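S.K.: Generate a structure from the sequence data that follows.
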Amino acid sequence: MFNSDRLTLARQRRSLTKKQLAEHAGTTPRAITAFESGEYPPAEDTLLHLARVLDFPEHFFYKDAVDIIEEDTVSFRSLKRMTAAQKKAAISAGALAVEINDWLNHRFKLPEPEIPDLRGEAPEEAAKIVRSEWGLGHYSIKNMVHLMEAKGVRVFSLFENAREVDAFSAWKGSTPFIFSNQIKTVAHRRFDIAHELGHLVLHKHGAPAGPEAEKEADMFAAEFLMPADTVKNVATGLETVERLVQMKEKWKVSVAALARRLRDTGMASEWHYRTLCIRISQLGYRTREPNDYAPERSMVWEKVMASLRSTGGGVYQISEELHLPTSEVEKLVWGLTTMALTPNKGPIFQSDKKPVLRLVK
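M.R.: Below you'll find the model as predicted:
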């Protein structure tokens, strides 16, 4: 049976209005409205045109109800700069990721979520609690993706050609998700992930909208990545941007984030901080991070892809079984793993026993 919600999802994923989709598919906006509201389904030839325009397999529109991520449960890193179409496209990508995650859960034993619920806690205190509970002490975090996955967070990529769509997070039932745009530097993505962890910890199942919530998530991320005690212990002699570039390796953050942290911990005056910001901008370090870090790959996806490749599968297999565009699966795991596109017509696993993905921090 035709699923109207899946047509809406595919259209929003392509950032098309009903009018635009109708024009491309040779039908009317009124017909698109009827298809999406469930008033009546499209004729077979009309659906064929819609599928071609949206670049989704026809079978995608006949699957069961899609598990939509509700907008009021989503935290976006840069909500003010996003258009409504960009927001809907990103949330639609998230819905596809939920389907992929369900597919993984049926085939692999993934780590259970260990995200504490610290609603009402002060952001910096919450970061200290999480670091303590996770046994991180005051040490630098080597790989944020590995850490999130080890604690049960499902990490996916965003591959939107828009810096406005940089990161977002959401709870889907008891499962936390974080999405990070791969067009940003590694240093910025690490902070984005820590920021979204702040939302998951501080604003669980709430409506984390507004500048106050974003400020809280930023405060959490800063303390989580750069504990105040460690910054204060080594902050002397960081008067210039050149010295910041040398020292940022300790925390694997951006030059701009470290400069801000010096100010927030009282190790730099407001005047000194503004001077550093001017110099950072002059050097182009707002968008091009000096001495950026190696990409942080996913341990989960590396192990999943290795298992799939051992039976002749890969990204193609996932898209085929879920009736998703291969390009959408690729975007959601882009930069997280080495992908294999070898078609495989047989089953991925011959045994009912799920492979266990053991992650080491």
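
S.K.: got any ranges where this protein has weak pLDDT?
M.R.: Residues of the chain that meet the criterion pLDDT under 70 lie in 77-80, 161-163, 205-209, 339-361.

S.K.: Three-state assignment for the residue most central in space within it, please.
M.R.: By CA atoms, centre = their mean, the chain has its centre lying nearest to Phe179, at 0.5 Å. In the three-state summary, Phe179 is assigned as strand, counting by DSSP: H, G, I helix; E, B strand; the rest coil.

S.K.: Correct me if wrong: it contacts Phe159.
M.R.: No: at 10.0 Å, Phe179 does not count as touching Phe159 under the criterion of CB atoms under 8 Å. Just so you know, the C-beta spots here come from the backbone N, C-alpha and C atoms, and that holds for glycine as well.

S.K.: List of residues touching whichever helix in the chain runs longest?
M.R.: Counting residues, the longest helix in the chain under DSSP state H turns out to be helix 84-105. Helix 84-105 is contacted from outside by 9-10, 12-15, 66-69, 71, 74, 76, 79, 82, 110, 154, 156, 158, 160, 162, 164-165, 168, 170, 172, 175, 177, 179, 300, 304, 318, 321-322, 324, 328-329, 331-332, using CB atoms under 8 Å, 6 or more residues apart in numbering.

S.K.: now swap in stretch 277-284 and tell me
M.R.: Here stretch 277-284 makes contact (CB under 8 Å, 6+ apart) with Thr240, Val241, Val255, Ala256, Ala259, Arg286, Pro290.

S.K.: Relative to Lys232, which of these is nearest.
M.R.: Of all the contacts of stretch 277-284, Lys232 sits closest to Ala259, with 14.9 Å by CB to CB.

S.K.: a helix runs through that closest one, doesn't it?
M.R.: Yes: the assignment for Ala259 is a helix, going by three-state DSSP.

S.K.: what's around it, how many residues?
M.R.: Residues lying near Ala259 (other CB atoms under 10 Å) number 25.

S.K.: How about Thr287?
M.R.: Other residues close to Thr287 by other CB under 10 Å number 10.

S.K.: Is it part of a helix or strand, or is it coil?
M.R.: Secondary structure assignment for Thr287 (three-state DSSP): coil.

S.K.: Now for it: which residues touch it?
M.R.: The neighbours of Thr287, taking CB under 8 Å, 6+ apart as the test, are Thr185.

S.K.: Strands along this protein, start to end?
M.R.: 74-76, 154-158, 167-172, 175-181 (DSSP state E).

S.K.: just how off-centre is stretch 3-13 within its chain?
M.R.: 21 Å (CA atoms, centre = their mean, to the nearest Å).

S.K.: next one: stretch 183-191
M.R.: What separates the centre of stretch 183-191 from the centre of its chain is 11 Å, taken as CA atoms, centre = their mean.

S.K.: can you list the residues that contact that stretch?
M.R.: For stretch 183-191, contacts defined as CB under 8 Å, 6+ apart pick out 141, 144, 159-161, 163, 166-167, 180-182, 192, 221, 225, 248, 252-254, 257, 287-289, 292-296.

S.K.: Show me which of those are buried.
M.R.: Neighbour-count burial (16 or more other CB atoms under 10 Å) is assigned, among the contacts of stretch 183-191, to 141, 144, 159-160, 166-167, 180-181, 192, 221, 225, 248, 252-254, 257, 289, 293, 296.

S.K.: how close does Arg309 get to Gly120?
M.R.: 46 Å (CB to CB, to the nearest Å).

S.K.: Who has more neighbours out of the two?
M.R.: Remark: of Arg309 and Gly120, Arg309 carries more neighbours, 16 against 7, as counted by other CB under 10 Å.

S.K.: right, and Tyr285 touches Ala256 too?
M.R.: Yes: in this structure Tyr285 lies within contact range of Ala256 using CB under 8 Å: 6.7 Å.

S.K.: Find residues that contact each of the two.
M.R.: The contact lists of Tyr285 and Ala256 share no entry, where a contact means CB under 8 Å, 6+ apart.

S.K.: Please name the nearest non-neighbouring residue to Ala194.
M.R.: Excluding its sequence neighbours, the residue lying closest to Ala194 (CB to CB, 6 or more residues apart in numbering) is Ala221, at 3.7 Å.

S.K.: Would you enumerate the residues in contact with the one you found?
M.R.: Ala221 sits next to Ala127, Phe191, Ala194, His195, Leu197, Gly198 when contact means CB under 8 Å, 6+ apart.

S.K.: would you list every one of the helices in the stretch 51-200 of the chain?
M.R.: Ranges of helices in the stretch 51-200 of the chain, per DSSP state H, counting those that start in this stretch, are 84-105, 123-133, 144-150, 186-202.
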